[in-house]
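J.: My questions concern the predicted model and sequence given below.
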Amino acid sequence: MIGSLREYCLQHRIHFEDEPQLLSPSRHTWLIKDILREQWVIKAREPGDAMPETLKGFEILHPPFLYPKPLSEADDAFLLYPYIQGGLLADNGFETPEMIARVMEVIGRMQALMRSLVLVPFYQDTMQLKDEGANASDNPLQRLSFSRVQNTSEEQRAARHKEMAESYAWTEKNVESFWDVLQAQGLWPDTPFEEYLERIHNHFALHLPVVGTNLSHTAMIPEHILSCSDDLLGVVGWRIAPRPRFYMMYTYLAWSFLRSRMPNARD
């Protein structure tokens with residue numbers, strides 16, 4: 001594996017001599033320090049993973065948090081990006097009211113970001129037109145015209161329907177195993193779980209996006225959130241998939257509860 005990492009990094013003119021450091025808790029992500037002492041993260045990719053393209057789209061939308069900016073291309077075997085300096089929330093402060101409020105704000109902005117991903121191709125076309133110099137006969141407003149967006153509405157609706165179905169299927173598949181864990185831990189009585197099951201089957205709106213998509217960062221936990229300089233949070237460990245509404249919020253809170261050091265965490 002080290003040979004493959006070295007060969008891939010050389011394609012991007014990154015030379016390293018020290019042994020790559022495996023980044024916990026992942027078994028497929030390494031920290032690399034090159035001969036110029038700059039730091040990089042490299043992560044093995046699964047087939048069909050489109051994260052590099054999605055992350056590059058973030059740059060056009062200017063999210064208010066730090067995120068990986070990949071050098072990788074669509075068909076590359078690895079995701080490679082500059083290391084983001086910061087301290088993991090998992091190591092300190094993840095359950096303070098102030099930090100929870102900051103994370104919840106970032107999650108809200110991330111939901112807006114996901115819903116805006118559909119606009120990325122239009123912005124890219126407009127920016128390219130500007131860079132090339134608009135032809136007098138080519139109206140740049142046409143590239144963002146309502147008619148053009150309207151023409152893709154059928155495709156977008158199909159994508160939303162697929163996301164809703166995947167969100168629902170994910171929930172049904174996992175909720176029983178989650179409940180087995182909760183029962184074994186003796187954390188909750190049956191009543192809240194029974195109410196949740198009733199909502200899953202009768203309130204499909206849990207999986208219906210208010211507008212745009214219901215895509216989520218599927219591991220929005222303190223192990224993937226960094227406290228960085230300039231009072232910014234950084235978000236790593238990116239995997240995006242359809243999930244029920246409020247998934248990111250409750251994922252963060254559930255992780256925090258199960259690892260809480262506070263005596264009144266259950267309350």
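T.: On my side now, so go ahead.
J.: Going C-terminal from the helix or strand of the chain with the lowest mean pLDDT, what's the next secondary structure element?
T.: The helix or strand of the chain with the poorest confidence is helix 146-151; it has a mean of 54 (mean pLDDT, DSSP states H and E). Once the chain leaves helix 146-151, the next helix or strand it forms, by DSSP states H and E, is helix 153-185.
J.: Which elements pack onto that next one?
T.: Contacts defined by 3 or more C-beta pairs under 8 Å, 6 or more residues apart in numbering; DSSP states H and E place helix 153-185 against helix 190-202, strand 240-242. For glycine as for every other residue, the C-beta is placed from the backbone atoms N, C-alpha and C.
J.: Which among these is found nearest to Gln11?
T.: strand 240-242 (25.6 Å; C-beta to C-beta).
J.: What are the buried residues along the closest one?
T.: Ile240, Pro242 (16 or more other C-beta atoms under 10 Å).
J.: Identify all contacting residues around that strand.
T.: 51, 54, 114, 162-164, 166-167, 170, 207, 213-218 (C-beta atoms under 8 Å, 6 or more residues apart in numbering).
J.: Find me the pLDDT at the most centrally placed residue in the chain, would you?
T.: Geometric centre of the chain, nearest residue: His217, 3.3 Å, by C-alpha atoms, centre = their mean. Looking at His217, its pLDDT is 96.
J.: any idea how far it lies from Glu73?
T.: 22 Å (C-beta to C-beta, to the nearest Å).
J.: Equivalent analysis for Ile42, please.
T.: 14 Å.
J.: And Asn214, by the same measure?
T.: Distance from Asn214 to Glu73, by C-beta to C-beta: 28 Å.
J.: follow-up on the earlier one: pick the most deeply packed of the helices and strands packed on helix 153-185.
T.: Neighbour counts (mean count of other C-beta atoms under 10 Å) averaged over each of these peak at strand 240-242, with a mean of 18.
J.: related to what we said a few turns ago, so Ile42 and Glu73 - more neighbours on which side?
T.: Just comparing Ile42 and Glu73: by other C-beta atoms under 10 Å the higher neighbour count belongs to Ile42, 25 against 11.
J.: Just confirm the more buried one is within a strand.
T.: Yes - applying DSSP: H, G, I helix; E, B strand; the rest coil, one finds Ile42 inside a strand.
J.: Hmm, it is touching Trp30, no?
T.: Yes - counting by C-beta atoms under 8 Å, Trp30 is a contact partner of Ile42 at 5.3 Å.
J.: The spatially closest residue to Asp49 that is not a sequence neighbour and Glu46: what is the separation?
T.: Excluding its sequence neighbours, the residue lying closest to Asp49 (C-beta to C-beta, 6 or more residues apart in numbering) is Leu79, at 7.8 Å. Going from Leu79 to Glu46 by C-beta to C-beta gives 10 Å.
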